[in-house]
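>>> Model the following, please.
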Amino acid sequence: MSTQIFHDGEADRTFRAKWWSGRLLIYAVLILWAAICLFPIYWTATTSFKMAPDVMKGNMVPFLDYTPKWLGWKSLGLSPDTIWTESTVREEFLRRFWNSTVTALASSALAVALGSCAAYGLSRFSYRFGFMKNSDISFFFLSQLILPPVVLALPFLVLYKALGLLDTTIGLILLYTLTVLPIVIWIMRDQFAGIPTELEEAALVDGLSIWGAFLTIVMPVALPGMVAAFILSLVLTWNEYFFAALLTSTNAKTLPVMVASQTGSQGISWWSMAALSFAAILPLIVIGIVLERYIIKGMAAGAVK
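Sure, this is the predicted structure:
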């Protein structure tokens, strides 16, 4: 009997040791992966406080490898000694920041609104255009992402010149909406397909219209997926550079274009570029933290695959 108890205890200790070893290995891998993912943000933030020799030497740890300075932020007029003084560079940064904010938010919201309606129709009704059915239509939308942006450069340039949309915020909003719309449709189609149709049937029996059932019943259930689609669209439109550089010149320039302009005859101003880049990605970090629970719900519901 005592031998049996000894063997059971030994097996239990072996199981616990394997369980803890597995957990520690998983956490070690996750910590390593998080460090790899966050390292570019860390490098950008620390570089904005470096002097030129520190950048060239590759010094990484503040106060250990180098003494932080406000050189990068001073070049943008955002350092403690320049924030309260007049600065043309800071005004330019705020103007570009406003352009990026308006363009990204408006195009993402418009894409989610239009894409949700299209995805709802594809998930609830049967369509047929020639040989194309619902699955073919969905794939057609997604296939638009295969086309390289450079192929569309000349057609959009000619079209926008004819319509008077060059260097306008509305022009970028319309174009960005078009570029992220396929992604939104694909994400929201899976989201709506996972919602039972019985909910809408019950709403229709109670006297609601199709739009009423969609707005009051389906949308609240699909909200996490819509938020996830909105954030993905926001990231893509906020970081878009090619069309912003091609179709704008003065009034509608966005932050990515301003970041890329931090080069001159004397080379790249790494500290200024780092400060500008960190200021550009900071809103996305804040939005991601604030809306984290919606992103997780959307992913758990199958909205992001």
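>>> Could you check what's spatially nearest to residue 222, not counting adjacent residues?
residue 191 (5.0 Å; CB to CB, 6 or more residues apart in numbering). No exception for glycine: its C-beta is placed from N, CA and C like everyone else's.
>>> Just the element for the one you found, please.
helix 169-193 (DSSP states H and E).
>>> Equivalent analysis for residue 199, please.
helix 197-205.
>>> who touches that helix?
The contact list for helix 197-205 (CB atoms under 8 Å, 6 or more residues apart in numbering) reads 124, 210, 212-214, 216-218, 221.
>>> what's the nearest residue to residue 269 if we skip its chain neighbours?
Per CB to CB, 6+ apart, closest to residue 269 is residue 262, 5.0 Å.
>>> Mind pulling up the pLDDT for that neighbour?
pLDDT for residue 262: 74.
>>> ditto for residue 36
92.
>>> Give the other helices and strands that the helix or strand encompassing it contacts.
Per DSSP H and E: residue 36 is located in helix 2-47. Helix 2-47 sits against helix 270-290, with contacts defined as 3 or more CB pairs under 8 Å, 6 or more residues apart in numbering; DSSP states H and E.
>>> Show me how far the helix it packs on is from its chain's centre.
12 Å (CA atoms, centre = their mean, to the nearest Å).
>>> just checking, what packs against it?
helix 2-47, helix 52-57, helix 71-75, helix 88-124, helix 219-238, helix 255-260.
>>> Can you redo those as TSV, where the extra columns are mean neighbour count?
Formatted as TSV, the helices and strands packed on helix 270-290 follow (neighbours: other CB atoms under 10 Å):
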stretch	mean neighbour count
helix 2-47	11
helix 52-57	14
helix 71-75	23
helix 88-124	19
helix 219-238	21
helix 255-260	20
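>>> what's the closest of those helices to residue 165?
Nearest of the helices and strands packed on helix 270-290 to residue 165, taken as CB to CB: helix 88-124 at 12.9 Å.
>>> Count the neighbours of residue 288 for me.
13 (other CB atoms under 10 Å).
>>> Most neighbours among the contacts of helix 197-205, which one?
residue 218 (22 neighbours).
>>> these two touch, right, that one and residue 193?
No: with contact defined as CB atoms under 8 Å, residue 218 and residue 193 do not form a contacting pair (11.5 Å).
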